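**Q** attaching a predicted model along with its sequence, questions to come.
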Amino acid sequence: MQSAQPIPLFERMTALADSTRSRMLLVLERHELTVNELRSVLQLPQSTVSRHLKVLGDHDWVVSRPDGTSRRYKAAEKLDPSSRRLWHLVREQVAATPAPSHDARRVQTVLAHRRSRSQRFFSSSASQWDALRTELFGKGTDMLGLMALLDENWTVGDLGCGTGQLAESIAPFVSSVIAIDDSAAMLAAARKRLGSLSNVDVRTGQLESLPIDDESLDVALLFLVLHYVPEPLEAISEACRALRPGGQLLIVDMMPHDREDLQTEMGHVWRGFSDAQISGLLESAGLTAVRYHPLAPDGAAKGPTLFAAVARRTTATSTAGAEPHTADNDSPLALTA
């Protein structure tokens, strides 16, 4: 299809010959406005504003886009050199008149009205905002968006990956994910879920003996898995071995609780971990900069409160294979099964 011929400069000059259209273009150079907003700024009938906008649009001085049932208009950004010189000359003359300063003040009133609409909404809906946002966008939206902060060059180990839900969420934001589990049923589900993701490597292995080379992970994740591990220190030490110097281990698990049913019905080995216990385990494995944070409980959740703990590997010396020391009941390593 043959492209439209450019509009001759003399015709474009005609569009700017009217002082109202020149004022309008000056406003739209700085702001994107609707017809109704332009009516308030220029103090003209809506029909007059629409007529002037059509002339400016027909001569490529303004562009518009749909916004619901309205359209928003702004000055065209891409002008040929001759049109740009023409507009600079006209703008200089228009800006020297009194009208643009009044227009600018009325624009601020329009913008204040926009802000007030939002403020009215939030002032009446603050107590319901969390529920409204969840209804609109779903739960966990904040956390999913924050994954974009992950480094695109990272290799992440999802240790005890289960059905691969976490690996699936992380994979688009990092270089690669190594997903490991020792359950054949879980791995079958994970491979089905992750099969289309070329940067996810699903492997069979135990957490106490990871099929991962030394110092090959930037981040290791133990997400709701440590309470199933017979020897937590061995799993954490293995994760440390697989981390590069500077790499971080993130543990998300349950805080201490008295739910015996989780052991009898779901196979849990441990009834949660305290700050002291987790800190002791991480430090014994050679990790530093330990932080432990209880997580805000979900009102619909039926399980114990969760925590997130993070620590960093700072040395290049592997601590894998170190014998766990025996802990008495007052030690941070004294776990309650």
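**A** All right, it came through fine.

**Q** so what are the domain limits for the chain?
**A** 9-131, 137-313 (automatic domain parsing).

**Q** reformat those domains as TSV; add mean neighbour count and mean pLDDT.
**A** All C-beta spots, glycine's among them, are computed from the backbone N, C-alpha and C. Output for those, formatted as TSV (neighbours: other Cβ atoms under 10 Å; pLDDT from 0 to 100):
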stretch	mean neighbour count	mean pLDDT
domain 9-131	14	86
domain 137-313	17	92
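
**Q** now do the helices in the stretch 201-337 of the chain.
**A** With DSSP state H, counting those that start in this stretch as the criterion, the stretch 201-337 of the chain has helices at 232-242, 260-266, 275-284.

**Q** select, out of those, the one closest to Leu210.
**A** Nearest to Leu210, of all those, is helix 232-242, at 4.8 Å by Cβ to Cβ.

**Q** and the angle from the closest one to helix 275-284?
**A** 40 degrees (axes from the mean of the first three to the mean of the last three Cα atoms, to 10 degrees).

**Q** which other helices and strands does helix 232-242 contact?
**A** Contacts defined by 3 or more Cβ pairs under 8 Å, 6 or more residues apart in numbering; DSSP states H and E place helix 232-242 against strand 155-159, strand 217-223, strand 243-254, helix 275-284.

**Q** can you lay out the ones you listed as a markdown table showing distance to Ser83?
**A** Converted to a markdown table, those look like this (distance: least, Cβ to Cβ, whole Å):
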| stretch | distance to Ser83 |
| --- | --- |
| strand 155-159 | 52 |
| strand 217-223 | 52 |
| strand 243-254 | 54 |
| helix 275-284 | 65 |
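
**Q** and Thr305, which of these is closest to it?
**A** Proximity to Thr305 (Cβ to Cβ) singles out strand 243-254 among the helices and strands packed on helix 232-242, at 7.2 Å.

**Q** got the contact list for that closest one?
**A** The contact list for strand 243-254 (Cβ atoms under 8 Å, 6 or more residues apart in numbering) reads 215-227, 236, 239-240, 271-273, 278, 282, 287, 295, 303-316.

**Q** may I have that strand exported as CSV, CA atoms only?
**A** Below are the C-alpha coordinates for strand 243-254, written out as CSV (Å, rounded to 0.1, in the frame of the first residue of the first chain):
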residue,chain,number,x,y,z
LEU,A,243,26.7,-21.6,46.4
ARG,A,244,29.3,-19.3,44.9
PRO,A,245,31.1,-17.0,47.3
GLY,A,246,28.6,-14.1,47.8
GLY,A,247,25.7,-16.4,47.0
GLN,A,248,22.6,-16.5,49.2
LEU,A,249,20.4,-19.2,50.7
LEU,A,250,16.7,-18.5,51.3
ILE,A,251,14.7,-20.7,53.6
VAL,A,252,10.9,-20.4,53.9
ASP,A,253,9.4,-22.7,56.5
MET,A,254,7.2,-23.0,59.6
